[in-house]
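Undergrad: what follows is a protein structure lacking sequence information:
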C-alpha cells in the first residue's frame, strides 16, 4: 500500500482554497494530487474512481462521523475497496492508513492458489517483521477492505487478486530485464519501466521487485504522484522508514 501525501486544500483560479457542495467534486483534484489509483489496494483506476471518506460520513452507531466535504477526509478508492470499507470505523489507532502511516512497511504481496487449477492469485498480507500490535493493525486494515479476498466465479466483479498477480509477474519480468541488461542502459530502461509501472499500478509490487536498486526506487517514488517522500531514506538506498517514529505501534 503506497504511502501518500494529499497535500493542502487545492486552490481556485484566484488562489483561494476551494470549497465544494458535493464531496465528489474533489475527484479531479484527488487524481491530480495522488494519481488515478485506489488508495487502499493501489489498483489503477482507468474508469470511475470513487471519492472515499477516510472516516465514514455515516458511521456506525457510537462511532465518530467524518466530515462530509473536507478535503482532508477524502481519498480515491476502487469499487471493491469502497464497498468493503463502507461505514466501518478505521481510526489510525487501530488501522494503517495511506495518508497517515508508511503503509509500505505494513504489507507484502503473496502469491496463492485459487479454487481453479492453474489459476494463481496475488494477495496482500501482513509484512513479516512487524510487532504483535502492528500485525493486528495491519490485519485490521486487510480485513477492512478485504485485501486478501479471492473470488473466482463467472459473475465475480472483484478481480483485484487477478490484476495484482498479473502486475506481480510483469514486475518480475522487468526486474529480470534489469539484471540481464537494463542496468547497462539505465537512462533508457528506467523511463520505460516507469511508464509500465504507472499504467499497471500497484506501486508496492514494483517497489518490492526493485527493493535493492536505489536508482529505480528513486524513479518509481517520483513517478507515482505525491508518494510521501519522508517514508523513504534516500541516504540508505530509499529503504522505507517510519512516518511516525515516536509511535511505537505505528509506522
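TA: In hand now; what should we look at? Predicted model, so just to flag it, every value in this text is computed and none were measured.

Undergrad: show me what contacts the closest residue to residue 194 other than its chain neighbours?
TA: The shortest distance from residue 194 to any non-neighbouring residue, by CB to CB, 6 or more residues apart in numbering, is to residue 223 (4.2 Å). Glycine gets a C-beta too; all of them are placed from N, C-alpha and C. Applying CB atoms under 8 Å, 6 or more residues apart in numbering, we find residue 223 in contact with 194, 197-198.

Undergrad: now, which of those lie within strands?
TA: Among these, no member is found in strands (DSSP state E).

Undergrad: could you save those residues as CSV and add columns showing neighbour count and pLDDT?
TA: Below are the contacts of residue 223 laid out as CSV (neighbours: other CB atoms under 10 Å; pLDDT from 0 to 100):
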residue, neighbour count, pLDDT
194, 17, 98
197, 26, 99
198, 18, 98
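
Undergrad: between the residues you listed, which sits nearest residue 209?
TA: When the contacts of residue 223 are compared for distance to residue 209 (CB to CB), residue 197 comes out closest, at 9.3 Å.

Undergrad: correct me, but the closest one touches residue 207?
TA: No - the criterion here is CB atoms under 8 Å, and residue 197 misses it with residue 207 at 9.4 Å.

Undergrad: can you list residues touching both of those two?
TA: Contacts common to residue 197 and residue 207, judged by CB under 8 Å, 6+ apart, are residue 220.

Undergrad: tally of neighbours for the closest residue to residue 119 other than its chain neighbours?
TA: Once flanking residues are discounted, residue 119 sits nearest to residue 152: 6.4 Å by CB to CB, 6+ apart. The number of residues packed around residue 152, counting by other CB atoms under 10 Å, is 13.

Undergrad: show me what counts as buried in the longest helix along the chain.
TA: With secondary structure taken from DSSP state H, the chain has its longest helix at helix 160-180. Neighbour-count burial for helix 160-180 flags 160-165, 167-168, 170-171, 174-175, 178 (criterion: 16 or more other CB atoms under 10 Å).

Undergrad: the strands in the stretch 1-150 of the chain, which residues?
TA: For the stretch 1-150 of the chain, the strands defined by DSSP state E, counting those that start in this stretch cover 50-53, 74-77, 107-113, 120-126.

Undergrad: in its sheet, what does the first one sit against?
TA: Strand 50-53 has these partner strands in its sheet, going by DSSP bridges: strand 74-77 (antiparallel).
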